[in-house]
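Engineer: Predicted model and sequence below, questions to follow.
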Amino acid sequence: MTLRDALEHRGQWLFRHRSHLPLLLSPLYLLALAELYYAQDERLLDPRWALICLSTAFAGLCVRIATVGYVPARTSGRNTTGQLAEALNTTGMYSIVRHPLYLGNLIINTGIALFFRTWWLVAIVLLAFALYYERIILAEEAFLREHFGREFEDWAARVPTIVPDFRLWEAPALGFSWKTVVRREYHGLVAILAAFAAFRCLGDLAIERHLVLDWMALGYAVVGTLVFLICRFLTKHTHVLRVQGR
């Protein structure tokens, strides 16, 4: 097996487990909490910095929304059993970057890592995601090359992998669908809010040595829970979020 084949094989495994593997970084976040506790005798994070980090994470979510809102069915999904693409997306976000969803994920996780004000954590997260997505992208693009041939080759030769080139922008082929966005992306919003609520509570616990009724953490938790329950109900028990061809 050549090195490229080995990397693509590993990428296929990473692709199937991509929703859960980032959790392996959790011990690093806890270590960063401990370091901040010993480095400063005050509450872990002030509200202004928390909002800056949350805004960064939301910027990544917006990249995902701008991508998912314009794609047809059975493309750019959250499938984990294997690669799936009934069409090659080349307009909208895909006209300026080949993997906008992974770019969005990278920005989201950078915002979460910045929350700890620890340079080494941000560096490790960026390096881990670079290695992680490099292999997934190799496997994904091998699949697209096999299924779309010359069409993929021409698109890949023109559009950068992960750093957008806004000069290449082409209007999306489909109209924007909020229903598609809500159905596919509410998990991401809930995950961001849950992460910020949990880390803020853990930081308060580490410094104060007892649970603190933190209005920001409580707000994240309440909003995240409501979003999850409402969107889960609409997705599983109604047809409200279904769109023909999406």
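Structural biologist: Looks like it arrived, so ask away. Numbering: from 1, shown residues only.
Engineer: residue closest to the middle of this structure?
Structural biologist: In the chain, the C-alpha closest to the average C-alpha coordinate belongs to Asn105, at a distance of 2.6 Å (Cα atoms, centre = their mean).
Engineer: That one is in what secondary structure piece?
Structural biologist: Under DSSP states H and E, the secondary-structure element containing Asn105 is helix 100-114.
Engineer: Against which helices or strands is the very next helix or strand once past that helix packed?
Structural biologist: Scanning forward in sequence from helix 100-114, with DSSP H and E defining helices and strands, the next element found is helix 119-148. Using 3 or more Cβ pairs under 8 Å, 6 or more residues apart in numbering; DSSP states H and E as the contact criterion, the elements in contact with helix 119-148 are helix 3-16, helix 26-39, helix 100-114, helix 150-158. Backbone N, C-alpha and C define where each C-beta goes, glycine included.
Engineer: picking that back up, give the contact list for the residue nearest to the centre of the chain.
Structural biologist: Remark: with contacts taken as Cβ atoms under 8 Å, 6 or more residues apart in numbering, Asn105 is in contact with Gly60, Arg64, Phe129, Tyr133.
Engineer: Can you classify the residue lying closest to Glu151 once chain neighbours are set aside by secondary structure?
Structural biologist: Across the structure, with Cβ to Cβ, 6 or more residues apart in numbering as the measure, the residue nearest Glu151 apart from its sequence neighbours is Leu88 (5.7 Å). Put simply, Leu88 is coil when judged by DSSP: H, G, I helix; E, B strand; the rest coil.
Engineer: can you pull the contacts of Leu88?
Structural biologist: Counting by Cβ under 8 Å, 6+ apart, Leu88 touches Leu144, Phe148, Glu151, Phe152, Trp155.
Engineer: For PyMOL, write a command that selects the buried ones of those residues.
Structural biologist: This is the PyMOL syntax for the buried subset of the contacts of Leu88, where burial follows 16 or more other Cβ atoms under 10 Å:
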select buried, resi 144+148+152+155
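Engineer: will you turn the contacts of Leu88 into JSON lines that also has distance to Leu168?
Structural biologist: Listed next are the contacts of Leu88 as JSON lines, based on distance: Cβ to Cβ, whole Å:
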{"residue": "Leu144", "distance to Leu168": "18"}
{"residue": "Phe148", "distance to Leu168": "18"}
{"residue": "Glu151", "distance to Leu168": "16"}
{"residue": "Phe152", "distance to Leu168": "16"}
{"residue": "Trp155", "distance to Leu168": "10"}
